[in-house]
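[1] sequence-free structure coming up:
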């Protein structure tokens, strides 16, 4: 396989440390990207590296990010500079008998690429609604669509998923054999992001009911 | 105030967009850093920007990160290159009547700095135990301490908090006045990270009880 081909790690996406945790198949990458909704966007500004959290959506082979046109970070992106977009889901704390082997169970995706500013009107509108629906699935059909002025005030950038890799840690602690007999509790404390009860905006009419996507909000497909 | 002085934004920490969300006081910064436990570490590699998730701890005016000595990312750090460390806590999804005003409630800290490799033995041990205790408060006294070989295999880097800023969004949607009469539900869906029941390691003796810090694990100080 050539570097960059789907499923083949390139020099920069290859997981070097603990390489048994590396995953390159798109199904794994997509599942992590689709469960998360806040990425950490990295780029190099004049003064050095910058990492900012922002919402995103995956549509096919692209990640879409958006921001106000006046946003300095996205301005840098649209000029075609290199970016790294990382999405991390934390699944648990791994308590080993030794301090050294403590770890965290997680699923992460790292995407390297060059951002492209989305200027096509149809693609831009679709990307913005995709972000709304990625954060709250089903929401965009209810919300008032963007006006032309709102679209002009918004910048959308796309990052292709050509160079994406996942890293996944699951399970209990790895231990040194001589530590197994220590009287120290070891195992995993699972963690997950859960939603609470929706809080209606103060000005909302009492005749407007809470939509099911707000009441039953969840990120993990297997959450009840 | 001079740039970098506690409480004074520097050119790169000043929050430019939606500047009313910017916070520079150390109490706000510290509270966010202390509630989170996974940061996104950004640096510039030969091929461009890189963003990786990793555990950390704050001790006074420093952030400590650690990794295997063979870890390429931390190797870059210890050479003194510039880094950006970002910690993000997601608190809720903000559903506005318009697609345009959808938002996310969050608390984030961005730290700009130059990493310093920690070589002093006492500081290094203290930093590693601080990371264990930051992820699971109270854990380090129970775990078997690192051996000299484990310490040699581990690299610790410190990033000073001189240039740290926080950004916080809370509350419901900001709306256009003409949208307030729309029959669209609006409000916030709060989200939080919660812990499940601890899962004991398969090899654990039945006589070892689950410690309270695992049973009662929580990140938010106000969680019950």
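    Thanks, I have it. All of these numbers come straight from a predicted model, not from anything done at the bench. Numbering: from 1, shown residues only, chains lettered A, B, ... in the order given.

[2] can you give me the strands for chain A?
    Along chain A, counting by DSSP state E, strands occupy A:22-23, A:38-45, A:48-59, A:62-68, A:82-95, A:103-114, A:116-117, A:154-160, A:163-169, A:187-195, A:199-200.

[3] next, find the distance separating the residue of chain A most remote from its centre from residue A:123.
    No residue in chain A sits farther from the centre than residue A:181, which is 39.6 Å out by C-alpha atoms, centre = their mean. Distance from residue A:181 to residue A:123, counting by C-beta to C-beta, to the nearest Å: 61 Å. Every residue, glycine included, has its C-beta placed from N, CA and C.

[4] right, and residue A:37 touches residue A:55 too?
    Yes - between residue A:37 and residue A:55 there is a contact under C-beta atoms under 8 Å: 6.0 Å.

[5] so what sits against both of the two?
    Residues touching both residue A:37 and residue A:55 (C-beta atoms under 8 Å, 6 or more residues apart in numbering or on different chains) are A:134, A:135, B:104.

[6] would you turn the residues you listed into TSV with distance to residue B:210?
    Below are these laid out as TSV (distance: C-beta to C-beta, whole Å):
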residue	distance to residue B:210
A:134	37
A:135	36
B:104	35
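
[7] and of the residues you listed, the nearest to residue A:199?
    residue B:104 (14.4 Å; C-beta to C-beta).

[8] burial count for that closest one?
    As a burial measure, residue B:104 scores 19 neighbours (other C-beta atoms under 10 Å in any protein chain shown).

[9] is it bridged to anything, and to what?
    residue B:93 (DSSP bridges).

[10] please apply the same query to the one 4 residues further on.
    According to DSSP bridges, residue B:88, residue B:167 are recorded as the beta-bridge partners of residue B:108.

[11] just checking, it touches residue B:89?
    Yes - using C-beta under 8 Å, residue B:108 is in contact with residue B:89, at 7.2 Å.

[12] show me where pLDDT drops low in chain A?
    A:1-20, A:224 (pLDDT under 70).

[13] report the central residue of it.
    In chain A, the residue lying closest to the centroid (C-alpha atoms, centre = their mean) is residue A:87, at 3.4 Å.

[14] give me the distance between that residue and residue A:41.
    Distance from residue A:87 to residue A:41, by C-beta to C-beta: 10 Å.

[15] repeat that for residue A:201.
    Relative to residue A:41, residue A:201 is positioned 29 Å away (C-beta to C-beta).

[16] repeat that for residue A:75.
    Residue A:75 is 13 Å from residue A:41, by C-beta to C-beta.

[17] what do you get for residue A:89?
    If you go by C-beta to C-beta, the gap between residue A:89 and residue A:41 works out to 17 Å.

[18] which of the two has more neighbours?
    When residue A:89 is set against residue A:41 and neighbours are counted by other C-beta under 10 Å, the residue ahead is residue A:41, at 31 against 22.

[19] contacts only, for the more buried one.
    Residue A:41 neighbours (C-beta under 8 Å, 6+ apart): A:51, A:52, A:53, A:54, A:65, A:73, A:77, A:83, A:84, A:85, B:51.

[20] ok, 10 Å please
    Counting by C-beta atoms under 10 Å, 6 or more residues apart in numbering or on different chains, residue A:41 touches A:50-54, A:56, A:63, A:65, A:67, A:73-74, A:76-77, A:83-86, A:111, A:115, A:157, A:159, B:40, B:42, B:49, B:51, B:86.

[21] same check, this time on residue A:66
    Residues in contact with residue A:66, defined by C-beta under 10 Å, 6+ apart, are A:54-57, A:74, A:118, A:124, A:127-128, A:130-132, A:154-157.

[22] out of these, who's near chain B?
    A:54, A:55, A:74, A:128, A:131, A:132, A:154 (C-beta under 10 Å from any C-beta of the partner chain).

[23] I'd like to know how many residues surround the fourth one.
    When you say that, I think you mean residue A:128. For residue A:128, using other C-beta under 10 Å, the count is 24.

[24] what number of residues lie near residue A:223?
    12.

[25] oh sorry, the question was meant for residue A:64
    The burial count for residue A:64: 22, using other C-beta under 10 Å.

[26] residue A:214: neighbouring residues, count only.
    Neighbour tally, residue A:214, other C-beta under 10 Å: 24.

[27] contacting residues around the closest residue to it other than its chain neighbours?
    Nearest non-adjacent residue to residue A:214, counting by C-beta to C-beta, 6 or more residues apart in numbering or on different chains: residue A:198, 4.3 Å away. Applying C-beta under 10 Å, 6+ apart, one finds that residue A:198 lies in contact with A:210-211, A:213-215, A:217, B:92-93, B:95, B:185-190.

[28] would you mind checking these for buried ones?
    A:210-211, A:213-214, A:217, B:92-93, B:95, B:185-190 (16 or more other C-beta atoms under 10 Å in any protein chain shown).

[29] between those, which sits nearest residue B:21?
    residue B:92 (14.5 Å).

[30] number of nearby residues for the nearest residue to the closest one once chain neighbours are set aside?
    Using C-beta to C-beta, 6+ apart and skipping residues adjacent in sequence, the residue nearest residue B:92 is residue B:105, 3.9 Å away. When neighbours are counted by other C-beta under 10 Å, residue B:105 registers 19.

[31] longest single helix anywhere in chain A?
    helix A:121-135 (DSSP state H).

[32] what about it, distance to the chain center?
    16 Å (C-alpha atoms, centre = their mean, to the nearest Å).

[33] which parts of that helix are buried?
    So helix A:121-135, judged by 16+ other C-beta under 10 Å, has buried residues A:124, A:125, A:126, A:127, A:128, A:129, A:130, A:131, A:132, A:133, A:134, A:135.

[34] ok, which pair from the residues you listed is furthest apart?
    A:124 and A:135 (17.4 Å).

[35] is it possible to get a markdown table of the strands of chain A that adds distance to residue B:142?
    Below are the strands of chain A laid out as a markdown table (distance: least, C-beta to C-beta, whole Å):
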| stretch | distance to residue B:142 |
| --- | --- |
| strand A:22-23 | 32 |
| strand A:38-45 | 32 |
| strand A:48-59 | 33 |
| strand A:62-68 | 41 |
| strand A:82-95 | 9 |
| strand A:103-114 | 16 |
| strand A:116-117 | 51 |
| strand A:154-160 | 43 |
| strand A:163-169 | 22 |
| strand A:187-195 | 12 |
| strand A:199-200 | 39 |
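
[36] sounds good, over and out.
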